[in-house]
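Enquirer: need a 3D model of the sequence below.
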Amino acid sequence: MSFESNFIYDLKSITGNKYILTNKLSKQHYCNGWRYGSGEALAVAKPSTLLEIWKVLQLCVQADVIVIMQAANTGLTGGSTPDGNDYDRPIVIINTMRINDIQIINEGKQIIGFSGSTLFGLENKLAPFGREPHSVIGSSCIGASIVGGVCNNSGGALVKRGPAYTELSIYAQINLNGDLILVNDLGIDLGNSPEEILINLQTHNYNKNNILFSDKLASDNEYQERVRDVDANTPARYNADGRRLYGASGCAGKIAVFAVRLDTYPIPKRQQVFYVGTNSPYVLSEIRKEILSKFKHLPSSGEYLHRDCYDAAKKYSKDTFIAIDKMGPSFIPKLFEIKRKVDRLSDKFIFLPSKFSDRIMQFLSKFWPNHLPKRMEEYREKYEHHWVIEMSDDGVGEAKKYFEKFFTENEGSFFECTKEEGKKAILHRFVAASALNRYHIINSSKSGGMMSMDIAFPRNEKDWFENLPPEIDDLIELKLYYGHLFCHVLHQNYIVKKGVDPEVLKQKLLKTFDARGAEYPAEHNVGHEYFAKPSLSNFYKELDPTNGFNPGIGKTSKNKNWK
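Expert: Below is the predicted model:
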């Protein structure tokens, strides 16, 4: 038998035949990024236990095979799939979504999230305790994993909490000698050998006395202070921030993370969404500065949406909005699976266009009536800039009083959303992330490439809204702006005109961001789209000195030992 045959046989002996995928069509979903990136893998392994992950890792390290750890594969920069076919070793993707256990500790104040556990699952698990996870909006709607968020510095939409962060995790890494080792930094005494530790964790074979409480953090405890510092000339948060690179946090798959330990948060007793509209970005700048520097109570979130993005999301994200609104976030992973099956089937027929499922869903969405509330639609006609601000508890009255006074003296207006309006305003903002990709698919014959920028501007930046010089602006067909305005993290997405090289244009845009003191990416990780800055690439090399996990991330070397 050949090396490949022997290796696949050994993999199947660990997980069972059904959970080792080698057929090209069956691997397709796992080898293609949600928006960017694709490449070949020798196999996709879908283990069912932590111990099975460990055994698959042992086999891969022994055979000198690259490992790419993957959970929900919902990243926007291609960081959890192969990128191209220029690696110097074969690749195995380990998809962890079958291992979705969540363990509650410390009376719900903390949780242990396994490698395939999701934010949506955690939200449901915590509800009886009157608590909620780090992130309850955005990525949770598309089935994103807890561990993936930690590994990629994700999140930060919630103003009081900042990016996903912990110093408590359990993971495998390959040391300088090429040996696979298990690091138990979870703060729980689980035994000595890797097998004993992983089995005890999986079966919850530990008690309160085994749980240690130390100075190690399970969340970012400095973020509120940082985001309130509106005069600072650096961003509040960004991917390469050395303060928040530790173990699993920010690792981008350079280690194999089995589980993370995270703080949870009390569910507010009262929540109120305020919808703000204006035609001046400087009005929003003033509101942002005063709320962050003067309010006693910080907002829960503050989501910005430009009018053009509002329109694009209304048209091209309509089906996603309706699916979540009518069937709940839990339906979205199922919907994605249906889409994948349709696309796999349609790829077999030459006469059918690519991304056939998106084209069907876009066509069907035209028959559904307008899904957006009347008052939002009225603000769309009046105002260019839209800001959805959610306050909680005592902050509700503080914000209402402020807005009533502010808009008697300044351009623009606001309204207090009903519960239904607030739900739909927040949902409309978050499905906007899918509009760019859908627009590009539907208009691929007449449009150029697409670019997705994730930019963290300095906290004291006043000119946060982009005004491009004509020589750049004339090359762009569509610009979609949205983001988390309180922390000055903007998602700036572009479709370039036919014939324009998106990579060349991207470098020009990045230079304009550099000149303004911005950092990028802010929260989506470098993936295969951005260069990892030295603070980040050095962190990767410390975690993975032989470059056996996820090589090439951040446009680093794909070769063994970083050659």
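Enquirer: tell me the secondary structure for residue 372?
Expert: At residue 372 the chain is in coil, as set by DSSP: H, G, I helix; E, B strand; the rest coil.
Enquirer: cool, and residue 348?
Expert: Note that with three-state DSSP, the state of residue 348 is coil.
Enquirer: for residue 28, see how far away it is.
Expert: Noted for residue 348: a distance of 12 Å to residue 28, by C-beta to C-beta, to the nearest Å. For every residue, glycine as well, the C-beta is placed using N, CA and C.
Enquirer: point to the helix or strand of the chain where mean pLDDT is at its lowest.
Expert: Least confident element among the helices and strands of the chain, by mean pLDDT, DSSP states H and E: helix 331-346 (a mean of 79).
Enquirer: do a quick rundown of the strands in the stretch 451-563 of the chain.
Expert: Here the stretch 451-563 of the chain has its strands, by DSSP state E, counting those that start in this stretch, at 476-484, 489-497.
Enquirer: output the ones you listed as CSV; include the columns mean pLDDT and mean neighbour count.
Expert: Formatted as CSV, the strands of the stretch 451-563 of the chain follow (pLDDT from 0 to 100; neighbours: other C-beta atoms under 10 Å):
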stretch, mean pLDDT, mean neighbour count
strand 476-484, 97, 21
strand 489-497, 96, 23
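Enquirer: save these as JSON lines, and put in distance to residue 19 too.
Expert: Listed next are the strands of the stretch 451-563 of the chain as JSON lines, based on distance: least, C-beta to C-beta, whole Å:
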{"stretch": "strand 476-484", "distance to residue 19": "38"}
{"stretch": "strand 489-497", "distance to residue 19": "35"}
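Enquirer: what's the closest of the ones you listed to residue 153?
Expert: Distance to residue 153, taken as C-beta to C-beta, is lowest for strand 489-497 among the strands of the stretch 451-563 of the chain, at 11.4 Å.
Enquirer: so between residue 348 and residue 28, which is more surrounded?
Expert: Taking neighbours as other C-beta atoms under 10 Å, residue 348 and residue 28 compare with residue 28 leading, 16 against 8.
Enquirer: so that one makes contact with residue 344?
Expert: Yes. At 6.2 Å, residue 28 counts as touching residue 344 under the criterion of C-beta atoms under 8 Å.
Enquirer: flag every buried residue along stretch 237-257.
Expert: 237-241, 244-257 (16 or more other C-beta atoms under 10 Å).
Enquirer: low pLDDT regions in the stretch 101-250 of the chain?
Expert: Low-confidence segments of the stretch 101-250 of the chain (pLDDT under 70): 137-143.
Enquirer: ok, which stretches of it are helices?
Expert: Ranges of helices in the stretch 101-250 of the chain, per DSSP state H, counting those that start in this stretch, are 119-126, 146-151, 194-202, 223-228.
Enquirer: how about those helices, which one is nearest residue 529?
Expert: helix 146-151 (16.2 Å).
Enquirer: what's that closest one packed up against?
Expert: Packed against helix 146-151 by the contact rule (3 or more C-beta pairs under 8 Å, 6 or more residues apart in numbering; DSSP states H and E) you find strand 110-114, helix 119-126, strand 256-263.
Enquirer: which residues does it contact?
Expert: For helix 146-151, contacts defined as C-beta atoms under 8 Å, 6 or more residues apart in numbering pick out 71-72, 74-75, 80, 96, 102, 113-119, 122, 133-135, 139, 154-155, 164-166, 169, 248-253, 257, 259-260, 262, 525.
Enquirer: alpha carbons only: can I get it in PDB?
Expert: This file holds the C-alpha atoms of helix 146-151, laid out as PDB (Å, rounded to 0.1, in the frame of the first residue of the first chain):
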ATOM      1  CA  ILE A 146     -16.900  29.800  20.500                       C
ATOM      2  CA  VAL A 147     -13.300  28.600  20.100                       C
ATOM      3  CA  GLY A 148     -13.100  30.100  16.600                       C
ATOM      4  CA  GLY A 149     -14.000  33.500  18.000                       C
ATOM      5  CA  VAL A 150     -11.200  33.200  20.600                       C
ATOM      6  CA  CYS A 151      -8.600  32.000  18.100                       C
END
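Enquirer: tell me how far it lies from the chain's centre.
Expert: 8 Å (C-alpha atoms, centre = their mean, to the nearest Å).
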